[in-house]
Every structure is written in structure tokens, then in C-alpha cells.
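Peer 1: predicted model and sequence follow; I will ask about them next.
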There are 2 protein chains.
Amino acid sequence: MIGIFDSGVGGLTVVRAILEEIPGYDIVYFGDTAHSPYGTKSSETVIGYTIKNIEFLLSQGAKVIVIACNTASSVATAEVLERFSVPIFEVITPAVELALQISRNFNFGVIGTRATVTSGIYEKKIMEKHPQAKVYSVACPLLVPLVEEGWMNKPETSMIVKKYLLPLKIRQIDTLILGCTHYPLLQKVIQRKIGRRVRLIDSSIGVSSSVKAFLAHNAEVKQQLGQNGNLMLFVSDVTDQFQKIAAMTLKTGVTLKCVKL
Amino acid sequence: MIGIFDSGVGGLTVVRAILEEIPGYDIVYFGDTAHSPYGTKSSETVIGYTIKNIEFLLSQGAKVIVIACNTASSVATAEVLERFSVPIFEVITPAVELALQISRNFNFGVIGTRATVTSGIYEKKIMEKHPQAKVYSVACPLLVPLVEEGWMNKPETSMIVKKYLLPLKIRQIDTLILGCTHYPLLQKVIQRKIGRRVRLIDSSIGVSSSVKAFLAHNAEVKQQLGQNGNLMLFVSDVTDQFQKIAAMTLKTGVTLKCVKL
């Protein structure tokens, strides 16, 4: 079973990408909706939640973990790699690799939650591989609530996106990393506001390719994963809003089980 | 000691009102920032948090509890009144009483979080006292994140407030209840968008008057409360953002202690 978690509904974009890229694997998803959002909270708190989430997924039989949340990936990866022995994937590294492949001028933009941007993780990972790169980051804390309200196509959202992207637009970036799993749901308006020449990197696609590549070379782990196409969805708080957006993201009806951690 | 809690920073408007109306009492405040916001979560989850918060305040020596959060007041009051024996105040009833005193045409507007509006508590309490009243409620889930970002004076906020208030504006309300402790921080723009003739009811002022009236008639409880002007602030997660808004709301430097519940 592949275990995937996020602070809420955003990580379902990763589930969707994995279902498309490597169909058939059993998946257990946990959305920590009782503690959502993570992006406005301290590193210490996010690390605590991340550990609990992984323990829950392991208890459900997960043999591989995907941290489908940029905030948790940014601040908690080092900690959980030390603590757990199963393979753990996060969304930052694959997005950075994709960005480095695509860029021509190595001027990168990164947008994310306040916690992700404050962590400086994208800059660090990009500079490690390409020290001459320029990386401009902007925290966009209002985009998560706007997506969770379903305001993807409202003019107010468009104005707010424009305001957030302005400092990146003047920097001549050619690649923009969407450093939050909610943002692919705003892809259209982001593309319109940043301009058509800038390539957008969707971290959900990056991580699913990484998992695919890993399984191709690790037959032993692959064997441990069930391949009956089961999808179990757990949340720590059931709300109508979550069910609505989950169904929209996965394009299918969803049954949620609630579990208190 | 008076114990006051909210999901985050919003309840500090209640602290401010109590400091002004009945100065000198010792106050212990708890902001449940690790679980914030409450307004997008289910009743069951909010009830669980509310019980834990009250238990914490009692453990700190609180002899009176103020639920300085409309969402918790809406969905958890009945439950905690049964469970705890100390006097517990909530923000809904005083706001309703104030609104009924002020209104002339008994057409009321209520704005709040999704959880508060869904609970229907304001309608119920108003209709109990004045069955001919008309109550129009609108959930405004984006206003809390906008306040927490400090976007009180941005044009985008103004547009969003206008959009939310439009259905109330056409209803000829003469009184608008600000059913969330964050909203007094948006008082100016709300007043501008709803029109100068509509009176706004700030629930933080209502509840502080209730506590004052109660203490005037309950000497025994009053004696148990320390009156050394101490103010202790606890949060379940310390973030820079909280400290900034706390200092702005209380107009003084603040020292936060962190406690995990």
C-alpha cells in the first residue's frame, strides 16, 4: 500500500497524479483536516503532525510514504527520514529537478505558504545543484483558503494572484514552481497572470514520477505493495467542503473515514 | 482569574474589551493556534477542542470562562454548560440582546464563519425573543484569513466584503451582527460597504458587559478572581504572525507561552 498524506484536500492532486502515472496500486490517503492548514503554523508543530500522520499510515499497512504537502516536506523531511525506515518521498526535490531541466535562464520563481517560503528549502536545493541560479520566492498565504472556498474563477482571486506574482513578473523568471499542492487548482489564473512564456512546475507530477522510477528499480518494495486498485481515504475531520473538493479533484464519488489522531 | 479562549488571535478583541470595561482582573488567555481556524471544521471537532481549552484554563486557576469565539459558542455551548460547573459566558447571547435593543425594523443581518452560520444559532436566539424578526445570515469564510494576513485595508478585501454583504444590503437590514471575533478588525470596511445607516454589533463588547453585570451580582465568584491586573497569554503554536496581530490588538508588547494540549 502507498501511504499519502497532506494537511487537507490539496494532496489529492498527488493521488490523482499517482493514479494516472502508476495505476493499480493500493493507496491509503490521510488528510489532516482537523489541523489544517499547516502553512501558517510553526515548524515544530508541523513536524509533530507529520510524525503522527506517518505513524497512522504505517499502521494501515503503508510500505512507502508520500508527503504530499509542501509545508510538511519543507520543514519535516529531515526529521522523519531519521525516524522511519520506510522509503519516504517528498514533493520538493522532484519539483526542483523538473525545474532545473526546464529552465533556460535559471531565474526561478517559487510560490508557497508562509512556512514553506520561510524555510528557504527551494532556494537551498536549487543552489546546491546550480549555484548560479537566481531564485525569487513569494509567500501566498491567501491562495489556500481561496481554493478551499472553491473561488478558483472569481475576479477577486485573479486580483490577489496578480498582486502576489507582481514581484516575480519583474524578475524575468522563466520557470515558476507551484510550491503548494493547492496551487495546481489555480493553474489557469496563475499562468494568465505570470505570462504565457513562464513554465509552471506542478509538484504533484514531479513526485509521482519519482515514485514510479523508484518502484521500477526496487522490486522488493514493489512486491510488498498491494495492486488491487483500492483507494482508502481518511480524514481527521469530515466536512462537506472537503467532500465536495475531494470529489472534484478525483472526479469520482468519495467515501471518507474519520480518524482522530 | 478570568479564563478566555479563542481558536486564535480574534478573541483578543474580547480581552481588550474586558480590560477596558472591568480593568484590574487577572486574565488567562488561550489561543488554540495549533488547531486554528475553527470555523471551517465540524461541530464534533470544535466541541472536542472547546472541552480541552476549558480544562486547560481551569488548570491555570480560572474561575469564570469566556468563550471568545463565535464558532465554539455556536456549536459547543450546550455541551460544556452540562460538563463544567463554573460560570461560562459565550458571545452569541449578549450580541443578540444588544441587537434586539438597537433594531427598529427587526430585519437583522448576521455574518460569521461557515460553522457559525450553519449552526443557525443567531436565528434561533433572535426568533425566541422576537418571533416576527427577519434574520439573514451569510457565511464569510475568507474574512478570517484576510484579517490574519493583516489585509484589513487592501482593495481586494474591500471587494470581497462587498460581495459577501450584497445579499444583506438588498434586504433592508438595520442591524448587522459581526458574528466572529475577527470581524471588528474589519469594522471600517464593513460599515462602508453595508452603508452608514446599518448599526454594527460587536460581540466582544456584548460579552464583556455580561461578565461585568454578572460579577456585580455575584460577590462570591468575584472574590475568587484575582485582581492584580495580571495578563497571561498562552497559545498552542507560536508564530510571528500571531505575535504581530496580538501586539496590534492589545496595543502593547506581548509575551506568549506555548502549551501543547
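Peer 2: Good, I have the coordinates. Numbering: from 1, shown residues only, chains lettered A, B, ... in the order given.
Peer 1: the closest residue to residue A:17 other than its chain neighbours in helix, strand or coil?
Peer 2: Leaving out its chain neighbours, the residue that sits closest to residue A:17 by C-beta to C-beta, 6 or more residues apart in numbering or on different chains is residue A:208, at 3.9 Å. In this view, the C-beta of every residue, glycine as well, is placed from N, C-alpha and C. For residue A:208, the assignment made with DSSP: H, G, I helix; E, B strand; the rest coil gives helix.
Peer 1: just give me the neighbour total for residue A:208.
Peer 2: As a burial measure, residue A:208 scores 26 neighbours (other C-beta atoms under 10 Å in any protein chain shown).
Peer 1: from memory it sits against residue A:13, does it?
Peer 2: No: using C-beta atoms under 8 Å, residue A:208 and residue A:13 do not qualify as a contacting pair, with a distance of 9.8 Å.
Peer 1: what's the average pLDDT for stretch A:222-240?
Peer 2: For stretch A:222-240, the mean per-residue pLDDT is 92.
Peer 1: likewise for stretch A:186-203?
Peer 2: Averaged across stretch A:186-203, pLDDT comes to 96.
Peer 1: buried set for that stretch?
Peer 2: In terms of neighbour count (16 or more other C-beta atoms under 10 Å in any protein chain shown), stretch A:186-203 has its buried residues at A:186, A:189, A:190, A:193, A:194, A:198, A:199, A:200, A:201, A:202, A:203.
Peer 1: farthest pair in those residues?
Peer 2: Pairwise distances across the buried residues of stretch A:186-203 peak at 19.1 Å for A:193 and A:203 (criterion: C-beta to C-beta).
Peer 1: residue A:135: what's it in contact with?
Peer 2: Taking C-beta atoms under 8 Å, 6 or more residues apart in numbering or on different chains, we find residue A:135 in contact with A:108, A:109, A:110, A:122, A:123, A:126, A:127.
Peer 1: list only buried entries from these.
Peer 2: A:108, A:109, A:110, A:122, A:123, A:126.
Peer 1: what does chain A have sitting close to chain B?
Peer 2: By C-beta under 8 Å from any C-beta of the partner chain, the part of chain A that sits against chain B consists of A:33-36, A:40-42, A:44-45, A:48, A:114, A:141-142, A:145-146, A:148-149, A:151, A:155-156, A:159-160, A:163, A:236-239, A:241, A:260.
Peer 1: next step: these restricted to strands.
Peer 2: Judged by DSSP state E, the subset of the residues of chain A next to chain B located in strands is empty.
Peer 1: neighbours around the residue in the stretch 51-200 of chain A positioned nearest to chain B, how many?
Peer 2: Nearest to chain B, among the residues of the stretch 51-200 of chain A, is residue A:145, at 4.2 Å (C-beta to the nearest C-beta). Around residue A:145 there are 22 other residues, counting by other C-beta under 10 Å.
Peer 1: and residue A:117, what does it touch?
Peer 2: By C-beta under 8 Å, 6+ apart, the residues touching residue A:117 are A:110, A:111, A:137, A:138, A:139, A:179.
Peer 1: sketch out the helices for chain A, chain order is fine.
Peer 2: For chain A, the helices defined by DSSP state H occupy A:12-21, A:43-59, A:70-83, A:92-102, A:114-119, A:121-129, A:143-148, A:155-169, A:187-194, A:203-217, A:219-224, A:240-250.
Peer 1: the inter-axis angle of the third one versus helix A:92-102?
Peer 2: What it means is helix A:70-83. 120 degrees (axes from the mean of the first three to the mean of the last three C-alpha atoms, to 10 degrees).
Peer 1: same check on the longest one?
Peer 2: For helix A:43-59 against helix A:92-102, the angle between stretch directions is 100 degrees (the same axes, to 10 degrees).
Peer 1: which other helices and strands contact helix A:43-59?
Peer 2: Applying 3 or more C-beta pairs under 8 Å, 6 or more residues apart in numbering or on different chains; DSSP states H and E, one finds that helix A:43-59 contacts strand A:2-6, strand A:27-31, strand A:64-67, helix A:70-83, helix A:114-119.
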